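can't give you the sequence, but here's the structure:
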């Protein structure tokens with residue numbers, strides 16, 4: 001009888017799925033000589049946006065229907081707590097205006113909830129121009145700075161004694177009419193906390209209009225923020241003289257907490273693993289270690305959920321046709337291992353600037369300990385850029401895309417990369433520069449085409465202001 005031998009030393013190695021490993025540094029090493037030698041005359045900034053075609057632009061039209069008969073008697077006061085960071089608070093404020101209009105209530109200037117992560121004690125008036133907010137809404141919604149003394153006395157001057165509604169997320173108009181309004185009429189004042197995303201995206205046109213009015217017209221940054229932000233924009237334009245004053249703004253989410261939360265693996269080895277484990281435990285205390293929870297970093301990367309590194313942003317933008325003379329404004333917090341990770345991005349784009357680089361220390365001194373005020377500066381500089389690049393999602397880019405559509409004829413002028421495709425391309429260290437460029441320029445063209453989008457059912461009016469907040473230019477008889 002024959003015998004069969006088994007080689008126990010052989011180990012079957014499974015091939016890693018394409019796009020599951022961070023190989024961008026090797027890709028950059030391969031492509032950098034070709035980037036430097038590329039003499040193509042394509043001007044990324046001048047040719048970034050080809051849409052819309054003539055006659056397709058949109059214009060703001062939320063002020064066309066004005067209430068000339070005055071407001072009816074108020075049904076009572078609504079007090080809300082806006083939670084989260086700058087733009088989540090903005091959601092709360094705009095939705096509060098809409099609910100106040102729906103219920104014919106008087107809105108008390110929202111209170112900002114102090115968050116353990118954001119750690120910003122700023123009040124409404126520290127971020128926004130309170131007088132402008134009240135004035136812009138005067139024909140639609142009554143707004144007061146605080147509850148009248150006579151009301152407060154009924155509740156022993158203690159806000160916690162006022163009935164607080166725990167409203168479910170995305171509650172429909174019918175809930176407010178059937179549940180909230182009767183209590184408002186009974187008590188003359190109600191409290192809703194927390195309030196972000198507590199109103200359905202689908203509301204009647206007059207209520208949707210109030211969201212538009214609040215977000216795009218009534219909310220204006222307070223003077224100290226607005227003045228420094230304007231100065232930053234002017235300095236970026238001056239800094240971008242070789243490109244006609246046009247610059248790119250990049251919202252980069254590669255702070256330590258974002259890297260940790262993503263559970264993605266980069267190129268930092270054991271040191272990175274120790275630091276990320278510690279950061280996750282500090283920020284989320286056991287959330288990622290729960291029994292039965294399985295984390296698959298490779299799958300996360302393949303699905304386009306990993307935050308782009310500064311290196312990846314640089315490679316992508318160079319591939320899209322933005323050259324070494326392009327000015328970039330970087331809107332970001334403290335970048336994880338910035339000394340190492342920012343080096344290749346600066347190598348590819350030496351004209352890169354941040355708010356810290358554009359200001360003197362004394363100019364930024366009254367802002368640096370307040371995350372929302374710093375975010376407001378970034379928001380403004382990004383708003384006025386020729387190209388805005390979003391890399392990780394969240395409220396900040398979503399609001400910016402909508403605001404830019406509102407300002408720029410319905411076009412967001414935003415590059416939103418296909419991160420799944422990018423993960424595949426950057427997993428190939430041998431990719432040719434011409435091949436990579438073709439893929440990146442196709443990605444940029446796709447962002448151009450998607451720049452003008454009509455809001456779909458259950459989508460946010462803060463990201464897609466057409467057609468709720470904007471009308472086609474031809475309806476105004478305008479030539480565009």
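Sure thing, it's come through. No experiment lies behind these values; they were computed from the predicted model shown. Numbers count the residues shown, from 1 in each chain.

chain neighbours aside, what residue packs nearest to residue 94?
Computed as C-beta to C-beta, 6 or more residues apart in numbering, the closest residue to residue 94 that is not its neighbour in sequence is residue 214, at 4.2 Å. No exception for glycine: its C-beta is placed from N, CA and C like everyone else's.

mind listing what that neighbour touches?
In this structure, residue 214 makes contact with 93, 94, 97, 98, 137, judged by C-beta atoms under 8 Å, 6 or more residues apart in numbering.

for the third one, what are its contacts?
The contact partners of residue 97, taken as C-beta under 8 Å, 6+ apart, are 107, 137, 141, 210, 211, 213, 214, 218.

spatially nearest residue to it (excluding sequence neighbours)?
residue 214 (4.0 Å).

helix, strand, or coil at the one you found?
Secondary structure, DSSP: H, G, I helix; E, B strand; the rest coil: residue 214 is helix.

give me the distance between it and residue 277.
Using C-beta to C-beta, to the nearest Å, residue 214 is found at 42 Å from residue 277.

now residue 19
Note on residue 19: its distance to residue 277, by C-beta to C-beta, is 24 Å.

who has more neighbours out of those two?
When neighbours are counted by other C-beta atoms under 10 Å, residue 19 and residue 277 differ, and residue 19 comes out ahead with 22 against 13.

my read: the more buried one touches residue 299, true?
No. In this structure, residue 19 is not within contact of residue 299 by C-beta atoms under 8 Å, at 9.7 Å.

what are the structural domain limits within this structure?
What automatic domain parsing lists as the domains of the chain is 24-54+224-476, 77-220.

sec struct for residue 455, please.
coil.

what residues sit buried inside stretch 132-140?
Buried residues in stretch 132-140, counted by 16 or more other C-beta atoms under 10 Å: 132, 133, 134, 136, 137, 140.

again with stretch 318-328
Going by 16+ other C-beta under 10 Å, stretch 318-328 has these buried residues: 318, 319, 320, 321, 322, 323, 326, 327, 328.

just the ones of the residues you listed in strands?
For the buried residues of stretch 318-328, the ones inside strands are residue 328, with DSSP state E as the criterion.

tell me which of the buried residues of stretch 318-328 is nearest to residue 358?
In terms of C-beta to C-beta, no member of the buried residues of stretch 318-328 lies closer to residue 358 than residue 327, at 10.9 Å.

so what does residue 128 look like in phi/psi?
Taking degrees, to the nearest 10, you get phi -120, psi 160 for the backbone angles of residue 128.

got any ranges where this structure has weak pLDDT?
1-14, 41-42, 52-56, 63-68, 115-118, 474-480 (pLDDT under 70).

please name the residues that touch the residue nearest to residue 424 when sequence neighbours are not counted.
Nearest residue to residue 424, sequence neighbours excluded (C-beta to C-beta, 6+ apart): residue 19, at 4.3 Å. Counting by C-beta under 8 Å, 6+ apart, residue 19 touches 301, 302, 420, 423, 424, 427.

write the PyMOL selection for whichever of those residues are buried.
Buried residues within the contacts of residue 19, by 16+ other C-beta under 10 Å, are selected in PyMOL with:
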select buried, resi 301+302+423+424+427
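
return the closest of the contacts of residue 19 with respect to residue 437.
Of all these, the one with the least separation from residue 437 (C-beta to C-beta) is residue 424, at 15.7 Å.

quick one: what helix or strand has the closest one in it?
Assigned by DSSP states H and E, residue 424 falls within helix 419-425.

just how off-centre is that helix within its chain?
Here helix 419-425 is found 21 Å from its chain centre; the criterion is C-alpha atoms, centre = their mean, to the nearest Å.

what's that helix in contact with?
18-20, 27, 301-306, 308, 312, 316, 431, 436, 439, 443.

from residue 154, how far out is residue 190?
13 Å.

okay, those two: which has more neighbours?
residue 190 (22 against 15).

the residue lying closest to that one once chain neighbours are set aside: what's it in contact with?
Closest residue to residue 190 apart from its sequence neighbours, by C-beta to C-beta, 6+ apart: residue 184 at 5.2 Å. Counting by C-beta under 8 Å, 6+ apart, residue 184 touches 75, 76, 78, 103, 105, 190.

specify the local secondary structure of the first one.
What that stands for is residue 75. Three-state assignment for residue 75 (three-state DSSP): coil.

so how many other residues sit close to the residue lying closest to residue 342 once chain neighbours are set aside?
Nearest residue to residue 342, sequence neighbours excluded (C-beta to C-beta, 6+ apart): residue 310, at 5.2 Å. Number of residues near residue 310 (other C-beta under 10 Å) recorded here: 26.

how about the strands in the chain?
Assigned by DSSP E, the chain shows strands spanning 58-60, 77-82, 106-108, 111-112, 143-144, 164-165, 189-192, 248-251, 328-331, 352-353, 387-390, 414-415, 470-472.

the last one - contacts with which helices or strands?
Using 3 or more C-beta pairs under 8 Å, 6 or more residues apart in numbering; DSSP states H and E as the contact test, the elements touching strand 470-472 are strand 58-60.

what comes up buried for the strand it packs on?
Within strand 58-60, judged by 16+ other C-beta under 10 Å, the buried ones are 58, 59, 60.

list of residues touching that strand?
In contact with strand 58-60 (C-beta under 8 Å, 6+ apart) are residues 216, 405-406, 409-410, 452, 466-467, 469-473, 476, 478.

and residue 32, how far from residue 88?
Taken as C-beta to C-beta, the span from residue 32 to residue 88 is 39 Å.

same drill for the two, tell me which one is more crowded.
Remark: of residue 32 and residue 88, residue 88 carries more neighbours, 21 against 16, as counted by other C-beta under 10 Å.

thought that one was touching residue 194?
No. Contact criterion C-beta under 8 Å: residue 88 and residue 194 do not qualify, at 9.6 Å.

show me the contacts for residue 31.
Residues in contact with residue 31 (C-beta under 8 Å, 6+ apart) are 315, 431, 433, 436.

quick check, central residue of this protein?
Centrality entry for the chain: nearest residue to the mean C-alpha point is residue 396, 1.8 Å, by C-alpha atoms, centre = their mean.

perfect, I'm done here.
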